[in-house]
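Enquirer: I'd like to go over a predicted model; first the sequence, then the structure.
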Amino acid sequence: MSFLALTALAIVRLKDLFAVVMLSGLYSLLSASFFLSLDAVDVAFTEASVGAGISTLLFLASLKLVGRYEKKSRYKPALALGIVMVTGALLVYGTLDMPHFGAVDAPIHQHVAPRYINDSMTEIGVPNAVTSVLASYRGFDTLGETLVIFTAGIGVMSLLLVSRQTKDQSKKKVPADMQQQIILRVVAKMMIPLILMFGLYVQFHGDYGPGGGFQAGVIFAAGVILYTMLFGLSSAQRVFKRQILELLTAFGVLLYGGVGVVSMLLGGNFLDYNVLRHDPVHGQHLGILLVELGVGITVASVMILVFFKFTWRTVKHKYNQ
Amino acid sequence: MIYHYPVLQVIIPLLGAPLCLFIRVPRLVGFFAVLVSSLSFLISCGLRQQVHLYGTIVYELGGWAAPWGIEYRIDQLNSYLLLLVSGISTIVLIAAQTSIKKELPENRHIFFYTSYLLCLTGLLGILATGDAFNVFVFLEISALSSYTMIALGTDRRALTASYQYLVMGTIGATFIIIGVGLMYMMTGTLNMYDLAQRLPEVYKSKTVLCAFGFFIVGVCLKLALFPLHLWLPNAYAFAPSIATAFLAATSTKVAVYLLIRYIFSVFGIDFVTTSLPLHDIFLVLGLIGIFATSISAIYQRNIKRIFAYSSVAQIGYMILGLAIGTELGLTATLLHLFNHALMKGTLFLAIGAVVYRIGSSQLNHFAGLGKKMPLTMAAIVAGGLSLIGVPLTVGFVSKWYLIVALLDKGWWPVAVLVLISSLLAVIYVWRVIEWIYFSQPRIILDDVREAPMSQLIPIWLLVLANLYFGVDTRLTVGVSKLAAQSLFGVTP
């Protein structure tokens, strides 16, 4: 915890944005281990892959656009500091009456959680209770979250549009900056298949261990992004075409929603996986597998697309020369 | 099929939005969006009918019963607002077909319609759900898509406005999620109905008080209550006209709904009145908000900004109604919610039509348009009169109820202040009218014609609604009264 606070302070003070990005990656990693010590494996996993992994990469990509150092500002935010202090004090005040940490009789352990823990094995048949809450009991929230990712993707797509002129130029091939870094390239060539495999493993193993669509999508995207960084945007885009990626972002959401619609047509409620097969537990399995796949596809394609859009901005001037 | 109505009206736009990307032809996407939105509208009409006949409808998503799964709970209050949001959305989308074509470059059309449908999904989702966390998820969807829509505005300042909104909106959302998280910690449930049952046990705890405080501040940021309204004028002024019309008419209303829902159905009015001097706070902020922003509106030069400030002032009236804390006051708030959506929908659509013809929303460019675009200008006048609260318009009905509620409570000084504030509205509306009808044109208007039919029809639909609901108040007043009664009835 004290490491967390220290890192946060350092982030605020530093003017070197590169260090800030690195530190915020560190911050995420620290909080991931913090979550781990709270036994929230899935949350820790997500924090590690999203916070420390992909968002650091995206920050770096945008850093390349805006330059490394922060501008000096003369703005002295005394009022803002006051408000933040009051907010913080309120939060502390709120903790006074909280149930004790780890107390068995705390309300969260008494009300809905027991059913999740005790019955999810018979009702859903998935060993990882987190997955069953995420994808089935509260599956509609997860659909919403996927839609949030999609919305963010739409935002980036619409604001960083590729114009027609640059579209033609992108057919030309441009060497990446890292052409000379032979060690990096060789190591990365060995690593990337492993990363992609690991992504797929996390995707399909989410029922049994920590993991699932969100983490898998991010890991998969990180593999592709690594490739792009080392071998250049144009070679990566030969496999991941922009239009196909755009469609994939939508396809993931549609897959998720489609499962819901199918379950509705089969006579259940929206997202009721029980009706997908004759046996409710099998139905749940199939449903969870499909919706997690939908989540994975949307997350991975949105992340890759966002990175491509940023990178495109940074390398654009090279084409124009 | 009727059984699935509660969820269908949300998932039709939800699935419609990604489908937009598959259609790829901008014109078709436009039509498709209208189709999707009108389907939602029809379903919400059906839902309203159902609620009217059978009372509250509960729909369990994923087939899991309430505290474990997520449920949709449609009652008097939200069926009424679902109808409003999906209806306004459909009308605005009809006008969007021509307006968007003119205002945005072609390669952005698809993204605009996708964001629009996403925003609609988010708003409908917030309204329909009976789950505290689900609210947050859909709030994020609607917020992210409105940032996108605003940033798509052609003016470069749209980006800054959108960014400002993004920062403020994210703070609001974070506060809301802190509130929800603390409530979950104290009760172990996320279902609103269940929360209402379990919260009274822990009313005394500081954590719940803290949760309540964070939640209220977060929602007030979203609904742009005065001093937290700073994001709104710029966001409304620089967004594409269609986005402004849609957001002004619906988005803040949904936030007001959220406030009402949590105060009455989750925390319970007893807790709210005893724990914090919320009514006094709302009274003071509401009144200051009405005056400060109405006066700001008088000094604006951009017509979109005039009415954006006026929106904040109208929010003040709604909060004032809440502050009264009686059933009559709540009825006034709900009425004004509905009526204000009609007024602002009309005004911003009409302004959108002007932007379509002359490409500007500066007030002095409106000079002389009274002769060139008589029907559009008449619509602006009608909307303006309604905003002031002239009899025979909806504005009169809701102000009337507000003043009756204030007098009933014995707060006659406040009632007088409300009347005075209406005079401020007269001033800023008159400024607009003066420029439109009594000034010499500042720019060449020779080739300016009346707005196209596809925009005039939606505008006049809304104008007629303004007049119709101003005369025949059975539907709006009836439903508002029922909703207010049920909200006061369910409180433990």
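Expert: Cool, the structure landed. Numbering: from 1, shown residues only, chains lettered A, B, ... in the order given.
Enquirer: touching chain A at all, the worst-scoring helix or strand of chain B on mean pLDDT?
Expert: In chain B, no helix or strand scores lower on mean pLDDT, DSSP states H and E than helix B:269-275, which sits at a mean of 76. No: contact of helix B:269-275 with chain A is not found when judged by CB under 8 Å from any CB of the partner chain; the minimum separation is 13.0 Å. Every C-beta, even on glycine, is put in place using the N, C-alpha and C of the backbone.
Enquirer: and the nearest residue in space to residue B:187 that is not next to it in sequence, what element?
Expert: Spatially, and ignoring its direct neighbours in sequence, residue B:187 is nearest to residue B:198 (4.3 Å; CB to CB, 6 or more residues apart in numbering or on different chains). Counting by DSSP states H and E, the element that carries residue B:198 is helix B:192-198.
Enquirer: same for that helix, what does it pack against?
Expert: For helix B:192-198, the elements it packs on are helix B:157-187, judged by 3 or more CB pairs under 8 Å, 6 or more residues apart in numbering or on different chains; DSSP states H and E.
Enquirer: Thought residue B:130 was touching residue B:193, still the case?
Expert: Yes: with contact defined as CB atoms under 8 Å, residue B:193 and residue B:130 form a contacting pair (6.1 Å).
Enquirer: who touches both of the two?
Expert: Common contacts of residue B:193 and residue B:130 (CB atoms under 8 Å, 6 or more residues apart in numbering or on different chains): B:66, B:73.
Enquirer: show me what contacts the residue in chain B positioned nearest to chain A?
Expert: Relative to chain A, the nearest point of chain B is residue B:210 (2.9 Å; CB to the nearest CB). Contacts for residue B:210 were tallied using CB under 8 Å, 6+ apart; they are A:90-91, A:93-94, B:182.
Enquirer: buried subset of the residues you listed?
Expert: The neighbour-count test (16 or more other CB atoms under 10 Å in any protein chain shown) applied to those identifies A:90, A:94, B:182 as buried.
Enquirer: Run a quick check on the last one versus residue B:211, I expect a contact.
Expert: Spelled out, it's residue B:182. Yes: applying CB under 8 Å, one finds residue B:182 in contact with residue B:211, separated by 3.6 Å.
Enquirer: between the two, what contacts are shared?
Expert: residue A:94.
Enquirer: State the pLDDT value of the residue in the stretch 1-150 of chain A positioned nearest to chain B.
Expert: As assessed by CB to the nearest CB, chain B sits closest to residue A:94 within the stretch 1-150 of chain A, at 2.9 Å. Among the per-residue scores, residue A:94 holds a pLDDT of 74.
Enquirer: contacting residues around it?
Expert: Residue A:94 neighbours (CB under 8 Å, 6+ apart): B:182, B:206-207, B:209-211.
Enquirer: okay, and for chain B, where does confidence drop off?
Expert: B:1, B:490-492 (pLDDT under 70).
Enquirer: ok, back up a step: relative to residue A:17, which of the buried ones among the contacts of residue B:210 is nearest.
Expert: residue A:90 (31.1 Å; CB to CB).
Enquirer: That closest one contacts residue B:212, doesn't it?
Expert: No: Residue A:90 lies out of contact with residue B:212 (CB under 8 Å); the separation is 11.0 Å.
Enquirer: Tell me, how many residues neighbour residue A:47?
Expert: Residue A:47 has 23 neighbours, counted by other CB atoms under 10 Å in any protein chain shown.
Enquirer: State the pLDDT value of the closest residue to it other than its chain neighbours.
Expert: Leaving aside its chain neighbours, residue A:47 sits nearest to residue A:32 (4.1 Å; criterion: CB to CB, 6+ apart). pLDDT recorded at residue A:32 is 83.
Enquirer: What separation is there between residue A:32 and residue B:392?
Expert: 63 Å (CB to CB, to the nearest Å).
Enquirer: count of neighbours near residue B:30?
Expert: 24.
Enquirer: quick one, what contacts it?
Expert: B:93, B:96-97, B:100, B:109, B:113 are the contacts of residue B:30 under CB under 8 Å, 6+ apart.
Enquirer: tell me which of these is nearest to residue A:150?
Expert: Of these, the one sitting nearest to residue A:150 (CB to CB) turns out to be residue B:113, at 14.2 Å.
Enquirer: Regarding that closest one, which helix or strand does it belong to?
Expert: Using DSSP H and E, residue B:113 falls in helix B:109-128.
Enquirer: does the following helix or strand past that helix come close to chain A?
Expert: Past helix B:109-128, further along toward the C-terminus, the next helix or strand under DSSP H and E is helix B:132-151. Yes: looking at helix B:132-151 against chain A by CB under 8 Å from any CB, the contacts come from B:133-134, B:137-138, B:140-141, B:144-145, B:147-148, B:151.
Enquirer: As JSON lines, the contacts of residue B:210 with secondary structure and distance to residue B:398 would be great.
Expert: Shown next, in JSON lines, are those (DSSP: H, G, I helix; E, B strand; the rest coil; distance: CB to CB, whole Å):
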{"residue": "A:90", "secondary structure": "helix", "distance to residue B:398": "35"}
{"residue": "A:91", "secondary structure": "helix", "distance to residue B:398": "38"}
{"residue": "A:93", "secondary structure": "helix", "distance to residue B:398": "38"}
{"residue": "A:94", "secondary structure": "helix", "distance to residue B:398": "37"}
{"residue": "B:182", "secondary structure": "helix", "distance to residue B:398": "35"}
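Enquirer: Report the contact partners of the nearest residue to residue A:159 once chain neighbours are set aside.
Expert: Ranked by CB to CB, 6+ apart and with sequence neighbours excluded, the top spatial neighbour of residue A:159 is residue B:151, at 5.7 Å. Contact analysis of residue B:151 by CB under 8 Å, 6+ apart lists A:155, A:158-159, B:158-159, B:162-163.
Enquirer: Quick check: the farthest pair among those residues?
Expert: Most distant of those, by CB to CB, are A:158 and B:163, 15.0 Å apart.
Enquirer: between the two, which one's more packed in?
Expert: Taking neighbours as other CB under 10 Å, residue A:158 and residue B:163 compare with residue A:158 leading, 21 against 16.
Enquirer: pretty sure the more buried one is touching residue B:152, no?
Expert: Yes: Residue A:158 lies in contact with residue B:152 (CB under 8 Å); the separation is 6.1 Å.
Enquirer: So for the two, which residues contact both of them?
Expert: Residues touching both residue A:158 and residue B:152 (CB under 8 Å, 6+ apart) are B:108, B:111-112, B:115.
Enquirer: Please indicate which of these are buried?
Expert: B:108, B:111-112, B:115.
Enquirer: residues from the stretch 201-350 of chain B in reach of chain A?
Expert: By CB under 8 Å from any CB, the residues of the stretch 201-350 of chain B that approach chain A are B:202, B:205-211, B:213-214.
Enquirer: which residues touch residue A:262?
Expert: So residue A:262 contacts residue A:276 (CB under 8 Å, 6+ apart).
Enquirer: what about it, which helix or strand?
Expert: With DSSP H and E as criterion, residue A:262 is part of helix A:242-265.
Enquirer: So what are the structural domains in chain A, by residue number?
Expert: A:1-98, A:128-321 (automatic domain parsing).
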